[in-house]
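[1] could you work out the structure for the sequence below:
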Amino acid sequence: MQAIRSILVVMEPEQPEGLALKRAKLIAGVTQSQLHLLVCDKKHDHSAYLHDLSNTLEQEGYNASCQQAWHENLHQTVITVQQAEDCGLVIKQHFPDNPLKKALLTPDDWKLLRYCPSPVLMVKSDKPWAGGIVLAAVDVGNADVEHRTLHASIIGHGHDIAALAKAKLHVISAHPAPMLSAADPTFQLKETIEARYREECKAFQAEYEIADDCLHIAEGPADALIPQMARKLAAVVTVIGTVARTGLSGALIGNTAEVVLDSLESDILVLKPADIIAHLEELVAQR
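    All right, here's what the predicted structure looks like:
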């Protein structure tokens, strides 16, 4: 997170509380990143609003720029500007969709999580990060190179947020239910499955000084366990990875990050593997 030089902040002129900007200022205060404020609107002129906001930020000591843009829809507008401005992080306040609308149309915030090449921080709460709990969710059952690299990124970002907010980092990983028919005896008993998963976590536990009581290995689906643990710990932010499934696969299966977006009460930072980031950047360049 220290490497982020520019943060794209999606502004909502009708939402005076400005939760996205509040988080952006917290991060920029530590990383010295530039804040690029964006209003996604094709109809209204928000120049005065953005100008006043930018001036206020400059007076507070932040390096700020701003623009109003529109490219077909909200998520494409954000991604186009993110690529053009080379922003290393997108911050947006999340507003839950109407359940009926969500059943018929893929929500814009889901699309942003799915297609944006950079990390996306969805802000859901005005609860202060300072002194709170940061929850990093990893899938240590997938030990291929791509997932190991993603796990390192998730834990690393979680550690960075915990450091800048003087918070405490916890880690959760979900494991499958025991199967008596499993070829590997390890997966026939809950105790041996948990022991295997805890063993897989030892490397990053040692690197980031994560105590055993801050590591939570539980049985069940990740999209149910992550919100449950976040509520139990009263986490202020949850860090999660997504494989950015697209097309029919994404529509039918969904991504854990998208599914937990409305059920999480904390802010949520969503990361992607490096090869998917490169692929998404290519898709944006082809538009």
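
[2] how is this structure carved up into domains?
    6-93, 133-285 (automatic domain parsing).

[3] in JSON lines: these, plus distance to M122, mean pLDDT and mean neighbour count.
    Heads up, the C-betas are built off the backbone N, CA and C, glycines and all. Output for the domains of the chain, formatted as JSON lines (distance: least, CB to CB, whole Å; pLDDT from 0 to 100; neighbours: other CB atoms under 10 Å):
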{"stretch": "domain 6-93", "distance to M122": "6", "mean pLDDT": "92", "mean neighbour count": "18"}
{"stretch": "domain 133-285", "distance to M122": "5", "mean pLDDT": "81", "mean neighbour count": "17"}
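
[4] could you dump those domains into CSV with distance to W110 added?
    Below are the domains of the chain laid out as CSV (distance: least, CB to CB, whole Å):
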stretch, distance to W110
domain 6-93, 9
domain 133-285, 4
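
[5] among those domains, which is nearest R114?
    Nearest to R114 among these is domain 133-285 (5.4 Å), distances taken as CB to CB.

[6] and the closest one, how far apart are its ends?
    38 Å (CA to CA, to the nearest Å).

[7] stretch 124-133 now?
    End-to-end distance of stretch 124-133 (CA to CA): 15 Å.

[8] which residues are contacting that stretch?
    17, 19, 22-23, 26, 93-94, 161, 165-168, 170, 233-237, 264-268 (CB atoms under 8 Å, 6 or more residues apart in numbering).

[9] again with stretch 81-92
    Residues contacting stretch 81-92 (CB under 8 Å, 6+ apart): 1, 3-10, 20-21, 23-24, 27, 33, 36, 38, 67, 69, 78, 109, 112, 116-123, 281, 284-285.

[10] among these, name the ones in strands.
    6-10, 36, 38, 67, 69, 120-123 (DSSP state E).

[11] could you pull out the helices in the stretch 101-250 of the chain for me?
    108-115, 145-164, 190-208, 222-233, 247-253 (DSSP state H, counting those that start in this stretch).

[12] closest to Q228 among the ones in strands among the contacts of stretch 81-92?
    For the ones in strands among the contacts of stretch 81-92, the nearest to Q228 is M122 (18.8 Å; CB to CB).

[13] burial check on the nearest residue to the closest one once chain neighbours are set aside, number of neighbours?
    The shortest distance from M122 to any non-neighbouring residue, by CB to CB, 6 or more residues apart in numbering, is to H94 (4.3 Å). Look at H94: counted by other CB atoms under 10 Å, it has 22 neighbours.

[14] need the pLDDT of H94.
    pLDDT recorded at H94 is 92.

[15] with the one 4 residues further on instead?
    Per-residue confidence (pLDDT) for N98: 66.
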